[in-house]
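K.L.:
no FASTA, just this:
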């Protein structure tokens, strides 16, 4: 080695792996900074939105903390709504009046924030879930404010806030049992229906996956159709009561139709089918008119149609009428119900092309089998009110009506 050469280290150079060193979380400092923005702007939400937009705070990391400050005025303790240590401000959602006009500006303010920072929607969901599941720790007036906010959030379509993430968490057994959930949804329904239709509300409930059984909001002691009607009638939500009654009614009809369809397809003895109908009538309290309509639907649905062969279809339909005439006769117990059956036959023959020409034959068969009385047929012919296909069917039925009238004159 030359004396001028500098010594070097031999061997392989060892490379050390670089590691990302994450800054420690400091939600307290973030919360204090947001509170200070509120205080500096004296709660003016327009100025607040601009200040938040201009700030360099780490909202992506502390999104939950931000909404805790928005809703409660400061940080809350983990898992509760109780205030944590740190600064607080008096302009939160839970501090304002429990009125539409007082809470709507906060919804609009949050909408502005979410337009700039759409990723915060998940944090809003988390904080709302936390507040809803901790309702027992809130005062009654605070729960009402939260209900009004939730209704306005959906009414204003708050950046796609998903109903299922808000409504499903309500169904905690202890909250339902204490009546807190029923009180909350009542305030929610009333507020939402101020500016929206019942159909809009039902759409929200369907998306929230709670529409199928609204009774789940009721404590077990009040969980009945009667309890539902009594509560929401008292609260002035008559359209909701009517909707629920119709839904229950349709459900009972569907269950009855399913049971009868199975019996008729299996050719169960007619006396057993009659017993089933009577029991269902007793349990479900269905109107006689609906039962007559349902029976005709079930009987005709069970016909084995043969495609385009009109004569075979006619024979099959008339054979079905003859087989189950005793069932119809049992429940067509008045002229009004007989007339309703005629209207039902008229509608089906009008809507189903393969039955269009069968109307007079079906009516004649029902007459021969003592299901329809002469007076009922003559009343339909002279004073019937359903216009669907009426002129066509009157012309087709005219020879039979003439025969009835002539026979009556001879007697």
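P.N.:
Right, received. Where do you want to start? Everything quoted here is computed from the prediction, not taken from an experiment. Numbers count the residues shown, from 1 in each chain.

K.L.:
nearest residue to residue 302 other than its sequence neighbours?
P.N.:
Distances taken as Cβ to Cβ, 6 or more residues apart in numbering place residue 264 nearest to residue 302, at 4.7 Å, with adjacent residues excluded. The way it works is simple: take the backbone N, C-alpha and C, and place the C-beta from them, glycine included.

K.L.:
The one you found: what's it in contact with?
P.N.:
Residues counted as contacts of residue 264 (Cβ atoms under 8 Å, 6 or more residues apart in numbering) are 273, 298-299, 302, 324.

K.L.:
and stretch 142-155, average pLDDT?
P.N.:
What stretch 142-155 shows for mean pLDDT is 95.

K.L.:
can you check stretch 87-96 too?
P.N.:
Averaged across stretch 87-96, pLDDT comes to 92.

K.L.:
ok, back up a step: okay, the residue nearest to residue 302 and residue 156: tell me how far apart.
P.N.:
Distance, residue 264 to residue 156, by Cβ to Cβ, to the nearest Å: 51 Å.

K.L.:
what do you get for residue 54?
P.N.:
Computed as Cβ to Cβ, the residue 54 to residue 156 distance reads 24 Å.

K.L.:
Give me the buried positions along the longest helix belonging to the chain.
P.N.:
Counting residues, the longest helix in the chain under DSSP state H turns out to be helix 238-265. Neighbour-count burial for helix 238-265, counted by 16 or more other Cβ atoms under 10 Å, picks out 240-241, 243-244, 249, 252-253, 256-257, 259-260, 263-264.

K.L.:
Reformat those into TSV and put pLDDT and distance to residue 336 next to each item.
P.N.:
Output for the buried residues of helix 238-265, formatted as TSV (pLDDT from 0 to 100; distance: Cβ to Cβ, whole Å):
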residue	pLDDT	distance to residue 336
240	96	31
241	96	28
243	94	28
244	92	28
249	88	20
252	88	22
253	89	19
256	91	21
257	92	22
259	92	26
260	93	22
263	93	26
264	91	25
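
K.L.:
Between residue 54 and residue 156, which is the more surrounded one?
P.N.:
Ranked by neighbour count (other Cβ atoms under 10 Å), residue 54 and residue 156 place residue 156 first, with 15 against 8.

K.L.:
Spit out the contact partners of that one.
P.N.:
Counting by Cβ under 8 Å, 6+ apart, residue 156 touches 104, 107-108, 111.

K.L.:
so which of the residues you listed is the most crowded?
P.N.:
Compared across the contacts of residue 156, residue 107 has the highest neighbour count, 19 neighbours, by other Cβ under 10 Å.

K.L.:
after the longest helix of the chain comes which helix or strand?
P.N.:
Heading C-terminal from helix 238-265, the first helix or strand you meet, by DSSP states H and E, is helix 270-284.

K.L.:
what comes into contact with whichever helix or strand comes after that following helix?
P.N.:
Proceeding N to C from helix 270-284, the next assigned helix or strand is helix 288-301, under DSSP H and E. Contacts to helix 288-301, defined as Cβ under 8 Å, 6+ apart, come from residues 253, 256-257, 260-261, 264, 277, 281, 317, 320-321, 324, 327-328, 331-333, 336-337, 340-341, 344-345, 348.

K.L.:
Check residue 213 and give its pLDDT.
P.N.:
You'll see residue 213 listed with a pLDDT of 81.

K.L.:
tally of neighbours for it?
P.N.:
By other Cβ under 10 Å, 9 other residues sit near residue 213.

K.L.:
Could you pull up the residues touching it?
P.N.:
Counting by Cβ under 8 Å, 6+ apart, residue 213 touches no other residue.

K.L.:
these two touch, right, residue 183 and residue 143?
P.N.:
Yes - between residue 183 and residue 143 a contact is recorded at 6.8 Å, counting by Cβ atoms under 8 Å.

K.L.:
Between these two, tell me which one has more neighbours.
P.N.:
Neighbours were counted for residue 183 and for residue 143 using other Cβ under 10 Å; residue 143 has more, 22 against 17.

K.L.:
what sits against the more buried one?
P.N.:
With Cβ under 8 Å, 6+ apart, residue 143 has these contacts: 135, 180, 183-184, 187.

K.L.:
in which helix or strand would I find it?
P.N.:
Per DSSP H and E: helix 140-155 holds residue 143.

K.L.:
For that helix, buried residues please.
P.N.:
142-155.

K.L.:
Reformat those as CSV; add distance to residue 33.
P.N.:
Formatted as CSV, the buried residues of helix 140-155 follow (distance: Cβ to Cβ, whole Å):
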residue, distance to residue 33
142, 25
143, 29
144, 30
145, 25
146, 25
147, 30
148, 28
149, 24
150, 27
151, 31
152, 27
153, 25
154, 30
155, 31
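
K.L.:
and the least confident of the contacts of residue 264?
P.N.:
Among these, residue 302 carries the lowest pLDDT, at 89.

K.L.:
and it, how many neighbours?
P.N.:
18.

K.L.:
residues touching it, list them.
P.N.:
Per Cβ under 8 Å, 6+ apart, neighbours of residue 302: 261, 264-265, 320.

K.L.:
which one of the residues you listed is nearest residue 72?
P.N.:
residue 261 (55.8 Å; Cβ to Cβ).
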